[in-house]
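Chemist: Any chance you could fold what I've pasted below:
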Amino acid sequence: MANQTAHPAAPVLQVLASKGLHLAIAESLTGGLLTSAFVDVPGASNVLLGSIVAYQTELKHQLLGVSRSLLQEQGAVDAEVGAQMAGGVRSKLAAKAGIDESLVVGLATTGVAGPDSQDRKPAGTVFIGISGPTGEFVYPLDLAGSRAEIRGAAVAAAVAALGEHFS
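Modeler: Alright, predicted model coming up:
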């Protein structure tokens, strides 16, 4: 992969590639923006398997395997939902691509972009989930700003969290 330092996601893709890892993304509040941040990097297809945008709560269960009871009890904006989304997309895309799951990292975003609250959580509540060979991790965020600013900050935080996790 060529050195593309102008793209914030480029160094993260380079680290994953150097470790022989692939990336699978599950998005809710970011609605495809996170995947786009990685796709903007030339050569991203060497690492990025694909993504699932599961915006509706039921699709988090149907497509990503998030526990229905968890979604009913806690709502979609929850740390464990973020972890299960990351694990679910990792498992599903690894299987569909025919790649050993130990070589795939799942990255997920769930939260409230606003302006209204959701699931009794205020706008700006975001969870970044990472599922990889070393386990599952969740990064809670409390972001401020407009809907667009919260979504943009969630993307930047997810890219940074993944980079820090594997650096």
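
Chemist: From residue 6, how far off is the residue most central in space within the chain?
Modeler: Centroid check for the chain by CA atoms, centre = their mean gives residue 108 as the closest residue, at 2.1 Å. Using CB to CB, to the nearest Å, residue 108 is found at 26 Å from residue 6. For glycine as for every other residue, the C-beta is placed from the backbone atoms N, C-alpha and C.

Chemist: Then residue 89?
Modeler: 27 Å.

Chemist: If you count surrounding residues, which of those two has more?
Modeler: residue 89 (30 against 8; other CB atoms under 10 Å).

Chemist: Name all residues that make contact with residue 31.
Modeler: 53, 55, 151 (CB atoms under 8 Å, 6 or more residues apart in numbering).

Chemist: Can you pull the poorly scored residue ranges out of this protein?
Modeler: Where the chain drops to pLDDT under 70, the residues are 1-5.

Chemist: so where do the strands sit in it?
Modeler: For the chain, applying DSSP state E gives strands covering 22-27, 48-53, 104-111, 125-132, 135-142.

Chemist: which parts of the second one are buried?
Modeler: Neighbour counts over strand 48-53 (16 or more other CB atoms under 10 Å) mark 48-53 as buried.

Chemist: Would you reformat those as TSV and include distance to residue 64?
Modeler: Output for the buried residues of strand 48-53, formatted as TSV (distance: CB to CB, whole Å):
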residue	distance to residue 64
48	17
49	14
50	13
51	11
52	6
53	11
